[in-house]
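In: give me coordinates for this.
(one chain, ligands or ions: 1)
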Amino acid sequence: MAFKIPVFSFFDKKRVIAFLIVLYVLCHGYIYFFPSVVDQSPTQKIHVVFRYDDYSSQSPMCLETRLLHLLRKYQTPCTWGVIPFIARGDYHHAKGQDTLALTPAKLDLLRLGIRSGIMDVALHGYSHRSHNITEDGRHSEFEGIPCDQQKEKILGGKNYLEKNLEISINAFIPPWGTYDPNTINILEKAGFSAVSSMIWKGPRDKAGPGGDLTFIPTTVIEPDLRGAIKAARKLPDPTPVIVVVFHPFDFMEYDRARGVFTLESFGQTLEWLKNQKDIDAITVSQAPDKLPGFNGDHFHAYYDMRRLFYTLPVLGKVTYLRSISGVYLSPQGVANMRWRLISISVVIYGIIFIISFCLTHKFLFTAFKKNTKFLRYFHLWGTLVLALILFALFSFHRIEHRRLTLAIVCIAGYTAILMGQRLKNGRFF
Ligand SMILES: [Zn+2]
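Out: The predicted model follows:
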């Protein structure tokens, strides 16, 4: 007599499976559609950092003067990534050593901004010239460059800006977001306290820097800011951070082809932002004081947490990643999000297991119940076959949620067959 799954004795089989499928879809919708109901704290404070990159003697003075005027009008602090000695010609080419120091007019504009209290100056490389192409195909002024050369560039740039602007430079913005562990060591020893790279590629130092440096990578460009704020409000995080990066070429006034917004629309964004009570605009240099715990270890922890999104099956990855896109979570936010992702993964994979178990039992085992030879055969060789399938999945398949789903389906199916066969023989494990 065929083994009956107990739950099916009480409920209609189709209803049980339909219920599990609905539950599965609801679990997927949970993070994206309902999180604010559960988690949003009334005391949430969203920190927004504006970062204007590539200020140099070759960047557009007229645009920058108008930009500074706008920032002053709305009293919005902004970090300016300054290249003290911009490479002449195309800085993507390693050839050529010629550089151009900041002109007196450029230095004056920086002094004006600093005096007005809303400009934070960060060192954005030395000349922004690419000296290396990294493993992942990106340009770098620092990654993989000998330590003494990196030190010379960082100290040379910092000293030049400090002497000419009479301020101390604490923030570093690596060009193209690329650096290596030597860069971090040099920055720490040179008295820097904050680094702002790019979130998309994660930390560049494989071992984790530890130390006291604060890391606040860029998360969005300006047109995505409102979407990122909307997403941040839904997240289980008391102090999420949004770092907005923009360049001269992002302004249509300067580059019609590449530009994605205008000074006017940028002004409207600043005005809108002023009216949002839960937003605190800060600079990269203020981050070490305002954002305790945002160190290198946290950057790694955040990035590891993001990897959990890729283990969510089927509808998971895209939907869930959108929920945190544009936001850098705080240590508390990472812990909350990790707990949420793990618990929802357990529920979703549990449901996949039960559905696979039931379907195997219903369709496969029932179909072969008269032909017990197949089951005996499977019983004998099944473990080996299963081990080989799992080995192949995890060795050759690169999409995490897909291989986990397939693994769970295989294990559930095999368990159903094994239990059925054992019960037929009057034994239960
Ligand atoms: Zn740059």
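In: which one's the longest helix in the chain?
Out: Longest helix in the chain, counting residues (DSSP state H): helix 331-359.
In: can you name every helix or strand that it contacts?
Out: helix 13-33, helix 296-309, helix 316-324, helix 400-424 (3 or more Cβ pairs under 8 Å, 6 or more residues apart in numbering; DSSP states H and E). Backbone N, C-alpha and C define where each C-beta goes, glycine included.
In: at 10 Å what do you get?
Out: If you count contacts as 3 or more Cβ pairs under 10 Å, 6 or more residues apart in numbering; DSSP states H and E, helix 331-359 packs onto helix 6-10, helix 13-33, helix 35-39, helix 296-309, helix 316-324, helix 400-424.
In: buried set for the helix or strand that comes right after the third one?
Out: Counting by DSSP states H and E, the next helix or strand C-terminal to helix 35-39 is strand 46-55. Along strand 46-55, the positions that meet the burial threshold by neighbour count (16 or more other Cβ atoms under 10 Å) are 46-55.
In: list the neighbouring strands of strand 46-55 plus their orientation.
Out: In the sheet, strand 46-55 lines up against strand 78-82 (parallel), strand 241-246 (parallel), strand 279-282 (parallel) (DSSP bridges).
In: could you point out which element follows that strand?
Out: With elements assigned by DSSP H and E, the helix or strand that comes after strand 46-55 is helix 61-73.
In: tell me the mean pLDDT over that following helix?
Out: Mean pLDDT, helix 61-73: 96.
In: quick check: buried residues in that helix?
Out: 64, 66-68, 70-71.
In: list the helices and strands that helix packs on?
Out: strand 46-55, strand 78-82, helix 104-115, strand 119-123, helix 263-274.
In: columns mean pLDDT and distance to Asp136 on top of these, output as JSON lines?
Out: Below are those laid out as JSON lines (pLDDT from 0 to 100; distance: least, Cβ to Cβ, whole Å):
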{"stretch": "strand 46-55", "mean pLDDT": "96", "distance to Asp136": "20"}
{"stretch": "strand 78-82", "mean pLDDT": "97", "distance to Asp136": "22"}
{"stretch": "helix 104-115", "mean pLDDT": "96", "distance to Asp136": "33"}
{"stretch": "strand 119-123", "mean pLDDT": "97", "distance to Asp136": "24"}
{"stretch": "helix 263-274", "mean pLDDT": "95", "distance to Asp136": "31"}
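In: need these in a markdown table with distance to the ion, can you?
Out: Shown next, in a markdown table, are the helices and strands packed on helix 61-73 (distance: least, Cβ to the ion, whole Å):
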| stretch | distance to the ion |
| --- | --- |
| strand 46-55 | 4 |
| strand 78-82 | 6 |
| helix 104-115 | 16 |
| strand 119-123 | 11 |
| helix 263-274 | 19 |
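In: on that earlier part again, tell me the buried residues in the longest helix of the chain?
Out: Under 16+ other Cβ under 10 Å, the buried positions of helix 331-359 are 331, 333-334, 336-338, 340-341, 344-345, 348-349, 351-358.
In: so who does Gly157 touch?
Out: Residues counted as contacts of Gly157 (Cβ atoms under 10 Å, 6 or more residues apart in numbering) are 82-85, 123-127, 169, 172.
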